[in-house]
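Asks: build me a model:
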Amino acid sequence: MSRRKALEQVAMLLGGAISAPSVAGVLSRATRRAWAASPGWAPRTLTPAQLELVATVAEHLMPQTDTPGARAAGVDRFVDTLLSDHYSAAERDRFLTGLAGVDARTRSAHGQAFAQCAPEQRIALLSEMDARAYASDRGEDGWFFRRMKELTIVGYYTSEIGAMQELHVSPFGAYRGDVPYASLGRAWS
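Replies: Down below sits the predicted model:
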């Protein structure tokens, strides 16, 4: 199956719920290797301040609970890799403009960058952005916030932490052909 055909089928399966760059990134082995935890990794699109902003926003969207959050899962690396490898220049610029808007809002309201604000201030801003993103008026803020949520969710649940610790994905075990029924206890038929 060609990559194009796989993307078409995945998009049809998901009903267009996930953007094409996200699907392409998930299907790309190079993307998985690029953002996996490696000491030599360096951002290619985001500045260190932007990378921290993405990590902070993502951590609020998928916080640490009894399982690690978005920061530990490397969602910031995933976002940088997708922006670098799978987004068009126009989409990348649109995302970066939205990201700058988050910091501009907190600087205007609280006199400091988003990452330096108190958690309550961050949550208030994100709640406001969330409400506007899904209102009838879907402006640039809405596009950015919906895309940020999408990238956070896809990045988190396709990471090892998201898949193995949060979703508890358990790959099939070894094949054991002839097993006495008594050793199974129960069986589905």
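
Asks: would you point out which residue is most central in this protein?
Replies: By CA atoms, centre = their mean, the chain has its centre lying nearest to Thr152, at 2.3 Å.

Asks: run through who's touching the helix or strand containing that one.
Replies: Assigning secondary structure by DSSP states H and E places Thr152 in helix 140-157. Contact with helix 140-157 is made by 18-19, 22, 25-26, 35, 54, 57-58, 61-62, 70, 73-75, 78-79, 82, 94-95, 97-99, 101-102, 129-130, 132-135, 162-163, 166-167, as judged by CB atoms under 8 Å, 6 or more residues apart in numbering. The C-beta positions use only the backbone N, C-alpha and C, and glycine is treated the same way.

Asks: confidence score at the residue nearest to the centre of the chain?
Replies: Thr152 is assigned 95 on the pLDDT scale.

Asks: same check, this time on the one 10 residues further on
Replies: Confidence per residue is given as pLDDT, and for Gly162 that number is 88.

Asks: in contact with it, which residues?
Replies: Ala73, Gly155, Tyr156.

Asks: quick one: which of the contacts of helix 140-157 sit in helices?
Replies: Judged by DSSP state H, helices contain the following of the contacts of helix 140-157: 22, 25-26, 35, 54, 57-58, 61, 70, 73, 75, 78-79, 82, 94-95, 97-99, 101-102, 129-130, 132-133.

Asks: buried subset of those, written for PyMOL?
Replies: Buried subset of those, written as a PyMOL selection, criterion 16 or more other CB atoms under 10 Å:
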select buried, resi 22+25+26+35+54+57+58+61+70+73+75+78+79+82+94+95+98+99+102+129+133
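
Asks: coming back round to it: quick check: the residue nearest to the centre of the chain vs Leu53, distance?
Replies: Distance, Thr152 to Leu53, by CB to CB, to the nearest Å: 13 Å.

Asks: and if you look at Pro63?
Replies: From Pro63 to Leu53 the distance is 16 Å (CB to CB).

Asks: how about low-confidence regions in the protein?
Replies: Low-confidence segments of the chain, defined by pLDDT under 70: 1-37, 136-140, 169-171, 184-189.

Asks: list of residues touching the host helix or strand of Leu51?
Replies: In this structure, Leu51 sits in helix 48-61 according to DSSP H and E. The contact list for helix 48-61 (CB under 8 Å, 6+ apart) reads 43, 46, 69-71, 75-76, 79-80, 96, 99, 102-103, 113-115, 119, 122-123, 126, 148-149, 151-153, 155-156.

Asks: go again using 6 Å as the cut-off
Replies: Where contact means CB atoms under 6 Å, 6 or more residues apart in numbering, the residues beyond helix 48-61 that reach it are 43, 69-71, 75-76, 79, 99, 114-115, 122, 126, 152.

Asks: got JSON lines for these, with distance to Asp178 too?
Replies: Shown next, in JSON lines, are the contacts of helix 48-61 (distance: CB to CB, whole Å):
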{"residue": "Pro43", "distance to Asp178": "53"}
{"residue": "Gly69", "distance to Asp178": "45"}
{"residue": "Ala70", "distance to Asp178": "45"}
{"residue": "Arg71", "distance to Asp178": "48"}
{"residue": "Val75", "distance to Asp178": "45"}
{"residue": "Asp76", "distance to Asp178": "49"}
{"residue": "Val79", "distance to Asp178": "49"}
{"residue": "Leu99", "distance to Asp178": "58"}
{"residue": "Phe114", "distance to Asp178": "60"}
{"residue": "Ala115", "distance to Asp178": "59"}
{"residue": "Arg122", "distance to Asp178": "58"}
{"residue": "Leu126", "distance to Asp178": "56"}
{"residue": "Thr152", "distance to Asp178": "47"}
